[in-house]
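Visitor: Could you look at this predicted model? Sequence included:
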Amino acid sequence: MWSNGFSRRHLGKLAGWAALGLSTGSVKSADAQSRSSDHKSIAAFPADFRWGTATSSYQIEGAVNEDGRGPSIWDRFAHTPGKIADHSNGDVADDHYNRYKDDVQLMKALGTKTYRFSIAWPRVFPEGTGAPNPKGLDFYNRLLDELLANGIEPFATLYHWDLPQALQDRSGGWMSRDTAKAFADYSAYVSERLSDRVKHIFTINECSRLVQLGHGLGLDAPGLKLSQGELNQVRHHVALGHGLAVQAIRAYAKPGTKVGLAENMVNGIPAIETPANIRAAEIATRELNAGYLTVILEGKFTDAYLAQADAPKHTADDVSIISSPIDFVGLNVYTPDHYVLAADNSRGYTLAPFPASFPHMDAAWLRVGPEALYWAPRHASKIWGVKSIYITENGTSSTDQPAADGNIYDTDRVMYLRNYLLHLQRATSEGVPVAGYFLWSLIDNFEWMDGYQKRFGLYHVDFNTQRRTPKLSASFYREVIRQNAVV
Ligand code: NOJ
């Protein structure tokens with residue numbers, strides 16, 4: 001019996017595993033498998049491609065009051081009536097704080113060799129700055145040791161939206177430059193202590209969403225509805241925080257530590273793949289990311305970004321900090337953000353409106369456009385010359401209804417993943433430098449404003465019992481990893 005009620009017998013019984021003829025024992029190498037298989041996939045990935053899963057602290061850890069953790073803006077927001085669809089919060093979530101050893105076994109059962117997780121700033125600095133809380137950092141020490149003992153390489157994100165509430169209360173959070181400085185100090189502290197085992201660090205997860213949904217639309221914590229000018233200033237402070245953190249990590253982490261970011265880059269897809277539309281999609285993508293990725297990677301704002309009335313207040317020094325060189329770019333890719341056509345206008349492009357009939361998954365925002373996973377890394381490589389790219393998130397929610405036999409046949413998630421991965425393989429086969437892929441997510445978890453109603457996991461979680469059960473997509477992903485190819 002596996003702990004948390006997830007038994008090997010159950011794993012073996014799940015139709016998906018059995019149908020694929022997979023044992024639940026150790027995963028054979030890709031070589032061994034391809035020798036024994038007569039199914040030749042044309043869609044093979046580079047030999048050293050890294051397969052993993054991704055999660056974040058507030059979405060899975062729970063234990064919000066354990067071992068001296070301070071409150072975060074997400075604790076406050078989730079406990080505010082009316083903010084979360086099912087009136088839930090992350091107080092317990094997946095109880096990963098106490099069940100991390102079992103969860104590492106889930107990763108191992110998939111055959112993943114990497115894992116992207118995030119560190120909760122308020123566990124390490126309960127007040128955001130000042131006295132650290134060694135017990136909080138110890139959790140990540142335990143997690144890292146467990147991952148490495150199981151042959152899984154950790155990739156850590158320093159900020160996945162759980163800002164210490166104290167910083168919001170004291171200085172308005174990301175509305176203040178002080179938060180950028182506090183983030184750098186926290187980054188220095190953590191990277192100095194964990195970089196003996198974590199060799200890849202992401203500064204900030206999805207600046208774009210934390211600015212728009214957290215500070216513009218009020219749908220994410222801290223739930224603000226700021227003006228466009230204030231939003232541009234918040235984005236500038238987040239970019240500055242990223243740059244200062246890069247410098248802090250270079251100064252304090254062990255030599256050889258690699259640093260980057262994880263962004264939901266606004267992705268312009270050529271509506272029809274003609275040279276003119278491809279060029280227009282590149283122009284659009286560069287401009288639509290002007291306040292963050294473009295300035296980070298080019299060392300200057302675009303003219304159009306600066307020409308807007310509400311451009312952020314900044315100094316030349318800010319821009320050189322923001323554009324501190326990074327080692328890799330992480331891309332979170334779920335949807336085609338815009339279909340682009342070349343146009344004879346001053347911008348050189350037009351964005352096609354989405355028809356009401358455009359297909360989506362189990363969330364209205366989750367439009368299905370597998371080619372996004374080709375164009376996102378290709379744009380990063382072509383527009384900015386990025387030499388090392390990770391897909392830091394990709395995946396989908398599904399209704400995940402158990403069938404009569406109790407199994408979850410999430411064929412919609414398998415369809416989604418297969419088609420997106422085919423496009424990722426198209427990119428790697430053309431030499432786009434994608435080094436790895438982190439599937440969102442390992443387990444069902446707290447999906448922000450949707451609470452527990454949207455499930456993104458490869459493993460189903462019963463939130464009453466904390467029982468984890470593999471879905472059919474877990475079998476699919478395991479086989480992809482085993483063959484190092486789309487199956
Ligand atoms: C991106 C975010 O980083 C992650 O936290 C979220 O759960 C997924 N998108 C799915 O919405």
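Guide: Cool, got the structure. Residues are numbered from 1 along each chain as shown.

Visitor: give the contact list for residue 208.
Guide: 263, 264, 265, 266, 289, 292 (C-beta atoms under 8 Å, 6 or more residues apart in numbering). No exception for glycine: its C-beta is placed from N, CA and C like everyone else's.

Visitor: Let's see that with 10 Å instead.
Guide: Applying C-beta atoms under 10 Å, 6 or more residues apart in numbering, we find residue 208 in contact with 235, 238, 263-266, 288-289, 291-293, 332, 337.

Visitor: again, but for residue 88
Guide: Per C-beta under 10 Å, 6+ apart, neighbours of residue 88: 78, 446, 447, 450, 451, 452, 453, 463.

Visitor: can you tell me which of those residues lies nearest to residue 378?
Guide: For those, the residue nearest residue 378 by C-beta to C-beta is residue 447; the value is 28.7 Å.

Visitor: Next, the contact list for the closest one, please.
Guide: 59, 84, 85, 86, 88, 363, 397, 441, 453, 454, 455, 456.

Visitor: try residue 241
Guide: Counting by C-beta under 10 Å, 6+ apart, residue 241 has contacts 158-159, 174, 177, 179-184, 186-187, 203-204, 207, 321-322.

Visitor: Near the ligand, which residues of the stretch 151-300 of the chain? Just list them.
Guide: Within reach of the ligand by C-beta under 6 Å from any ligand atom, the stretch 151-300 of the chain has these residues: 205, 206.

Visitor: what stretches of the stretch 151-300 of the chain score poorly on pLDDT?
Guide: By pLDDT under 70, the stretch 151-300 of the chain has no low-scoring segment.

Visitor: Helices of that one, start to end?
Guide: 165-171, 177-194, 207-211, 228-252, 275-288, 295-298 (DSSP state H, counting those that start in this stretch).

Visitor: separation between the residue nearest the centre of the chain and residue 150?
Guide: In the chain, the C-alpha nearest the mean C-alpha coordinate belongs to residue 393, at 4.0 Å (C-alpha atoms, centre = their mean). Note on residue 393: its distance to residue 150, by C-beta to C-beta, to the nearest Å, is 22 Å.

Visitor: go on, residue 237?
Guide: For residue 237 relative to residue 150 (C-beta to C-beta), the value is 38 Å.

Visitor: which of these two has more neighbours?
Guide: Neighbours of residue 237 and residue 150, each counted by other C-beta atoms under 10 Å, are more numerous for residue 237; the result is 24 against 14.

Visitor: Just to check, that one is in contact with residue 167?
Guide: No: using C-beta atoms under 10 Å, residue 237 is not in contact with residue 167; the gap is 11.5 Å.

Visitor: any shared contact partners between the two?
Guide: In contact with both residue 237 and residue 167: 173, 174, 176, 178, 179, 183, using C-beta under 10 Å, 6+ apart.

Visitor: give the contact list for the closest residue to the third one other than its chain neighbours.
Guide: Spelled out, it's residue 176. Distances taken as C-beta to C-beta, 6 or more residues apart in numbering place residue 237 nearest to residue 176, at 6.8 Å, with adjacent residues excluded. Applying C-beta under 10 Å, 6+ apart, we find residue 237 in contact with 172-181, 183, 211, 312, 314, 318.

Visitor: Return the residues in contact with residue 476.
Guide: Here residue 476 is in contact with 16, 20, 410-411, 413-415, 417-418, 421, 458, 486-487 (C-beta under 10 Å, 6+ apart).

Visitor: what's the closest non-adjacent residue to the residue of the stretch 51-200 of the chain at minimum distance from the ligand?
Guide: Proximity of the stretch 51-200 of the chain to the ligand (C-beta to the nearest ligand atom) peaks at residue 56, 5.1 Å away. Excluding the flanking residues, the one nearest residue 56 by C-beta to C-beta, 6+ apart is residue 160, at 3.7 Å.
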